[in-house]
Structures are given as C-alpha cells and as structure tokens.
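Trainee: here's a sequence, model it:
(3 chains)
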Amino acid sequence: MQFLPPRMRFRLFDLNPEQEKAVRTIDGPLLILAGAGTGKTRVITARVAYLIAQGVAPEHILAVTFTNKAANEMRERLATMVEKEQVKRVTMSTFHALCVRILRGGIDRLGYKNNFSIYDESDQLGLIKKIITRTAARDEKIDPHLAKNLISKAKNNGWSAPKDDQTLISAVFTRYQVELKNLNAVDFDDLLLLTVKLLAEHNEVRAKWQERFRYLMVDEFQDTNRLQLELVSLIADAHKNVAVVGDDDQSIYGWRGAEVSNILEFEHHFPNPTVVKLEQNYRSTNAILGTANSLIKNNPRRRAKQLWSAHASGENVRVVQMPDDREEAKFVAEDIQRRNFAENVVWKNFAVLYRMNAQSRLIEENLRRLHIPYRLVGGKSFFDRREIKDVLAYATCLLNADDDVSLLRIINTPARGIGPAVVERALEHSVHAKCSLFKSLQSPDFLETLSVRARTAISEFAGMLDSFETRIHTPLTDHAEILRELITKTTYLDDLKRTCKSPDEALDRENNVQNIFNDLAQYQQRSSGGLQGFLDEVSLDQDREKDKEDDQHGVTLITLHAAKGLEFPHVYLIGLEEDLLPHSRSKIEGTVDEERRLLYVGITRAMSTLTMSWCRTRMKFGSAAPGHPSSFIKELAPELIEHVDFVKLMNTPVQEDTAKSRFAQLRAALKSA
DNA sequence: AATCGTCTGCTTTTT
DNA sequence: GCAGACGATT
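Mentor: Coordinates of the predicted model:
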C-alpha cells in the first residue's frame, strides 16, 4: 500500500472487507451492488478519497448523482477525509448540472446559442399547449400532459423528433422541438439528449471531456435511463474507469424512464467488471430486514442478495388492521405521541410513509390536533410560486431575449397595455418574419400596423428591456441590483401586492421576491457565474430553499418514492391496501414488481420499529370505498409479523376498577405486540 | 381585466 | 374532496 495520510488509513480500517474491496478497486469497470443501508455513500466518498490518496488528480474525478442533495452530502462527507482545497477540485454533480456545464461550452456546435434557457415542466407544458391550440390540433382533443409525457419518453429513449407527421402527437413533437430551438431553449430531457449528441458527434469535444474525467462514479445507477447510460459510456469509453453503485431492488422510477436493465445487465455495457456486493446492513433490526427480504424475494429478475445485520432481532413488525382511514390517522398520531412520551423519542425520529400525497392530509390533521410538529416533504415547490416564476422570467429575458415563453409570461405582467389581441398579432408577425417575439416588438414593420397606444406601450416595454439587457452584459455589474431595479421600475411588486387577497398573502409574496434578490446576491458572493449561473442553479435545484426553511425537528410525512435514501428509527407505513399499494394502475401496466420494490424501500427505511396499517374502508374521491389488505402482506415472513386488529382490541372488555382508559390498555397491548 | 362558478377527473415526480 | 381549467359575468 502506498502512503496514505493518517486519517485516510483510519477510514479504510473502518470499512468491512467488501466495502474495502469496492474502495480499493480503482481500475476498470466496477459494479457495486449496495443493498439498502449498507453504507453506500460512505463507500463512494471513501473511494474518491482513496483515488486522491493514490495520486489521482482531483480534477480527473467525476461523481454523478441524481439529486443536488446527494451531491452536497457527498461533498460534505468527503471534506472530512480530504483537504478542502482538493475537495473543491473534484467534480460532484447531478447528471443535469453536468450536462449544463458541457452544453454551455459547446452547444453552439448543435445550432443553439450558448446562452440557452432551461425550461422546467411548466414552461414545457405552456409551450406544448400553445402548439396544440395554435397549430396542428386545434379541434382535436389532445391532452397536453399526455403529449408532454410522450415527448419526454421519446427523448429518453434517444429518439429525435420523428420525420413523419402522421399522427397528431408526432406533429406536436416535431413542432415542439423546432420551437424550442427557435426559442434557444432546452428542456430537462434535452440537457441529456443534446449532451449525448454533442459528445457522440464531435470527437474533439468528447476527447476533451474524456481526458478531463478519467475516473467516473455513478450513484443510484438503477435509476439511470438510456440517455444517462449513454452519457456515462461516452465519457468512460477512453479509460473504462467507471464505478457504478446501485441496488436493483430499489429501482422505483421505471415510470420515469429508468431502466433496471442498466444495472441488471451491467456486464453487457461494460465487459468484465469487478463485482462487489455489499450485504451487511448497518441500519435496521433483523426483524425489519427479514421482513424486507421475505417480500423482495418474490420479485423475478433481480440480482440475488441476502441482507444481514449484526443488530439484534428487535421488535416484531406490526401489521395493524383499521376500520377506516380516519381511525388509521388517529392511531398513527396517537401512537407517535405515546412513544414520544413513554420512550422519550424525539419527533424527528418518526416518519409516516404513504403511496400518495393525498394520504398526508388526515395524518396532518391528527398531528396538528395533538400539537405534534411535523414536516411535509414534497408538495408545492418554492419555485412553482407565481411571483417567483415571474421574477425569474424577467431575469431570463435579459439573458436570452429570444425566449418567447419567458417574454410572454411578463409581457403584460403587470398590465401595461399590451393585451392578448396585440400579443396575438406580435406572435403572428414573429412567425412570418421567422424571428423571435422580442425582435418583432422592435420591428418597425410590425409597429406601424398598430394603434398609437399599443405602439407606445410596446416601444416603452421593449426599450426598457433593451436598456437593462445592455446593463447586465456590462462587465463588473451587480446583477442582483439590476434585477431589483428592473422589478421596481416595472412596478411589478406593487402590482403583485395590490392583487393579493389578504395582507398576509401580500407579505408572503413580497418576502418570496425579496428572497430571490437575496439569494442572487449571495450567489454572486460565492460564484462568478452571474445571473446565468444563478438561473442554472435555480432551475436545476428546486429544493435549494427547502432545507433552510424546514424545522428539522418534526415528524416526517413523506411519499415512499421521496423516502428513498432516508432512514428513521420509527416508521409508520400506511395504506397497505390492494389497489393503493400495489396501485391499481400498476396491475394494468404490469408494474407490480416495481410496487413491491416501493414497499421494500419503505420497509428498509426503518431502523428500530416498523408499523404497517391497512383499512377496511377508505375515502376515495369523496366517498367511502371498501379496502382489502395488500397482497404484499401475505408475502411477509409470518414469524416476524405481529398482526393486530384494532377493532378487536377496542372491544376487549375493560375492567371497571382499572384506572386505565381503554386507550391506555390498547396502547399497552400494542406496545407489547 | 378580474373574479366567480361549474365542470372534470384523478400515482409516484430525483432534474 | 379538491384542484385546476375554462367560460360567463361584471
């Protein structure tokens, strides 16, 4: 072994033999099959540290993740093992952020401009709606959401827009791609698609990035789609030093285009890999782990593995039968309260997991009733708020004046006399003249067709944008200040507050806008990317606000999907009913295996206790519907499960002279279970 | 231009 | 049961 800094030596000593093998294998393809809770993140970070200790320059290391959160965590972990200066030089980013970086320096080779805008889902949807109503399918009923999903699926499979416009959908697809290019905009799928195209078709670009990233690591490999695999292959092709970490049993994003086959058939994509299996779980009791194992072994097509734990067997897993969803929520809230009181468990050690967001409401109500703090993960993003999107659209227009979608968003917000009729004519002109909407607004041909009033309004607006655009491109300017001035000058903020229903709402929205300015100012302190870099970061990290705001001390309410990668001492998994988990649509679509994995992910989040529940009736779409236990329940190892019938417990006679209430008795019964 | 009412149609959602 | 979309109303 070569010289290692003392701290490094200690870390390696900390690893189990398989983990150590994964860390020490640095050349050639490496597949790390990391079961739930087997110390995956530790292995990745230790491996990066090891590479550096072995003399690999940090610049040559690339670690790709799916979320910014994971990337940040990894970076923080690495900082405890490696000198700060070196950590900075390692590239740790999401697939999408990596693509933006590659594209900002070379997308012009594909006919886009390097200042392209990034469209999120709602921008995408807006554009598709516009296309559907304005062009191909005026009368046909074509669902914009469906169209969006189909286009996304097509792109993820690496298809370009089809040549034939036979079907309505392909006409929309073709049109959509053309419009995006005209707008100098790319959607999330394009980030991958165009990066793959750029690297595949331009040898010098590919060579540059291959030379740069000689050691490649990919986290959550089971979630990669076709394009992501292709991207990895393209970069790794020169040196073949590609290490992937993943768990086929935790593949739950098939519906988003993830290909389990990428990990199942890793050998096919990268011949003769070293394969390491991490099977020692450091998270859960053996009762929980055994329950998880018994469930997942019912799945075909998987890499056989047997998780084990050095922990004690622990409490049995409870499966509770409830009369209805209201009782279920009440029970969960009260059981959490009981355990908090009796066992002194702090709130943040609890999580309630469910299949659908709608299930959180009853839980919320009951927690609130008992004054138990909670944090709801998911739901509406900060960046989906109207005022945020508006301000960002103003910013985008300054950088990419050709971005019609952003321009349309703000052209009459606040109202400035450029109404729908005028906008309509401007759009027509831009189509005819084959130029962007903004160019039309500045075109004398167009302006002279308008009334004096409209002409004045447009000239004023275009002139204002133009002058701010010039300022933003002047070197050494404060972009936050410029944006603030623009928003002030347009009286956007005053108008926003005026249209609010309550003073509270007005205050909230104003705060949101101020937050954006502050964020941008902060961004400028730490980065030289300017407004462009800030917008990139914002569009690629919707959660960046969340962690700051969150009280970290409450009970976590979270969907099974969003819970992947997290762990909690006490987990409540609710709604284990047939047609909810597995979801009814999974049977039609033939994806029950994925539902089983979803439950597996849920079970393996639990460290010390796990309670699952199902209801005999549940409110569905406003009315009560009968419920049946999930077919997954009978797959669980019976010897590790304690079945509890809530109603039966309630009906057991209570001794008159007992001071205990019925609930106290119930609690006692449940606790001993 | 904004607001109100009625209709519809329903998983999950890392970027 | 509720949000989101759309059309009628002032």
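Trainee: surely A:L427 and A:S436 touch.
Mentor: No - under the criterion of C-beta atoms under 8 Å, A:L427 lies out of contact with A:S436, with a separation of 10.5 Å. Any C-beta I mention is one placed from the backbone N, CA and C, and that applies to glycine too.
Trainee: quickly list what's touching both of the two.
Mentor: Any residue near both A:L427 and A:S436 by C-beta atoms under 8 Å, 6 or more residues apart in numbering counts here, and that gives A:D404.
Trainee: name the next helix or strand downstream of the lengthiest strand in chain A, please.
Mentor: With DSSP state E applied, the strand covering the greatest number of residues in chain A is identified as strand A:606-620. Where DSSP states H and E defines the elements, the next helix or strand beyond strand A:606-620 is strand A:623-626.
Trainee: do that following strand and DNA strand B meet at all?
Mentor: No - Strand A:623-626 lies apart from DNA strand B when judged by C-beta under 7 Å from any atom of the strand; the minimum separation is 9.3 Å.
Trainee: partners of that strand, with directions?
Mentor: Partner strands and pairing direction for strand A:623-626 (DSSP bridges) are strand A:606-620 (antiparallel).
Trainee: next, the buried residues of the partner strand.
Mentor: Of the residues in strand A:606-620, those with enough neighbours to count as buried (16 or more other C-beta atoms under 10 Å) are A:606-618.
Trainee: looking at chain A, which helix or strand is least sure?
Mentor: In chain A, the helix or strand scored least confidently by mean pLDDT, DSSP states H and E is helix A:546-549, which has a mean of 54.
Trainee: A:L535 - how many residues pack around it?
Mentor: Using other C-beta atoms under 10 Å as the criterion, A:L535 is surrounded by 21 other residues.
Trainee: per-residue pLDDT, it?
Mentor: If you check A:L535, the pLDDT there is 90.
Trainee: now do it against A:S443, distance only.
Mentor: Taking C-beta to C-beta, to the nearest Å as the measure, A:L535 and A:S443 are separated by 27 Å.
Trainee: check A:K297 too.
Mentor: The separation that A:K297 has from A:S443, given C-beta to C-beta, amounts to 68 Å.
Trainee: between those two, who's got more neighbours?
Mentor: Of the pair A:K297 and A:S443, A:S443 is the one with more neighbours under other C-beta under 10 Å, namely 17 against 14.
Trainee: could you list every residue that touches the more buried one?
Mentor: Under the criterion of C-beta under 8 Å, 6+ apart, the neighbours of A:S443 are A:H429, A:A433, A:C435.
Trainee: try A:A258
Mentor: Applying C-beta under 8 Å, 6+ apart, we find A:A258 in contact with A:Q222, A:D223, A:T224, A:N225, A:S251.
Trainee: any idea which of these is closest to A:V276?
Mentor: A:Q222 (15.4 Å; C-beta to C-beta).
Trainee: correct me if wrong: that closest one contacts A:V245.
Mentor: No - contact between A:Q222 and A:V245 fails when scored by C-beta under 8 Å: they sit 9.4 Å apart.
Trainee: what is the burial count for A:E577?
Mentor: Taking other C-beta under 10 Å as the criterion, the count of residues near A:E577 is 24.
Trainee: could you give the number of residues near whichever residue of the stretch 551-673 of chain A sits closest to DNA strand B?
Mentor: Using C-beta to the nearest atom of the strand, the single residue of the stretch 551-673 of chain A nearest to DNA strand B is A:T559, 3.3 Å away. Applying the criterion other C-beta under 10 Å, we find 19 residues in the vicinity of A:T559.
Trainee: so what's it up against?
Mentor: Under the criterion of C-beta under 8 Å, 6+ apart, the contact list for A:T559 reads A:L353, A:Y354, A:R355, A:M356, A:N357, A:V377, A:G378.
Trainee: which one of those residues sits closest to A:T65?
Mentor: Taking C-beta to C-beta as the measure, A:T65 sits nearest to A:V377 out of these, at 18.2 Å.
Trainee: surely the closest one and A:T556 touch.
Mentor: Yes - the criterion here is C-beta under 8 Å, and A:V377 meets it with A:T556 at 6.3 Å.
Trainee: about what we covered before: between the contacts of A:T559, which sits nearest A:G602?
Mentor: For the contacts of A:T559, the residue nearest A:G602 by C-beta to C-beta is A:L353; the value is 4.9 Å.
Trainee: wasn't that closest one part of a helix?
Mentor: No - counting by DSSP: H, G, I helix; E, B strand; the rest coil, A:L353 falls outside a helix, being strand.
Trainee: who's in contact with it?
Mentor: Taking C-beta under 8 Å, 6+ apart, we find A:L353 in contact with A:I558, A:T559, A:L560, A:A563, A:V571, A:Y572, A:L573, A:I574, A:G602, A:R605.
Trainee: give me the beta-bridge partners of it?
Mentor: For A:L353, the residues forming beta bridges with it (DSSP bridges) are A:I558, A:L573.
Trainee: show the pLDDT at it.
Mentor: For A:L353, the model assigns a pLDDT of 96.
Trainee: again, but for A:P626
Mentor: Per-residue confidence at A:P626 stands at 90 (pLDDT).
Trainee: again with A:D190
Mentor: 94.
Trainee: gap between the residue of chain A found nearest DNA strand C and A:A358?
Mentor: Using C-beta to the nearest atom of the strand, the closest approach of chain A to DNA strand C is made by A:G622 at 2.6 Å. When C-beta to C-beta is the yardstick, A:G622 and A:A358 sit 11 Å from each other.
Trainee: the two: which has the busier surroundings?
Mentor: Looking at A:G622 and A:A358 with other C-beta under 10 Å, you find the greater number of neighbours at A:A358, namely 12 against 5.
Trainee: OK, contacts around the more buried one?
Mentor: With contacts taken as C-beta under 8 Å, 6+ apart, A:A358 has no neighbouring residues.
Trainee: what of the one 4 residues further on?
Mentor: If you count contacts by C-beta under 8 Å, 6+ apart, A:L362 has them with A:D325, A:R326, A:E328, A:A329.
Trainee: just those: which are in helices?
Mentor: Secondary structure assignment (DSSP state H) places A:D325, A:R326, A:E328, A:A329 from those within helices.
Trainee: for the last one, what are its contacts?
Mentor: Contacts of A:A329 were listed using C-beta under 8 Å, 6+ apart, and they are A:L362, A:I363, A:E365, A:N366, A:I574.
Trainee: again with the third one
Mentor: Contacts here follow C-beta under 8 Å, 6+ apart; on that basis A:E328 touches A:V320, A:M322, A:L362, A:I574, A:G575, A:S613, A:C615.
Trainee: rerun at 10 Å
Mentor: When contacts are counted by C-beta atoms under 10 Å, 6 or more residues apart in numbering, A:E328 touches A:320-322, A:359, A:362-363, A:366, A:572, A:574-575, A:613-615, A:618, A:646.
Trainee: what does the second one give?
Mentor: Taking C-beta under 10 Å, 6+ apart as the contact definition, A:R326 lies against A:L362, A:E365, A:N366, A:C615, A:T617, A:R618, A:M619.
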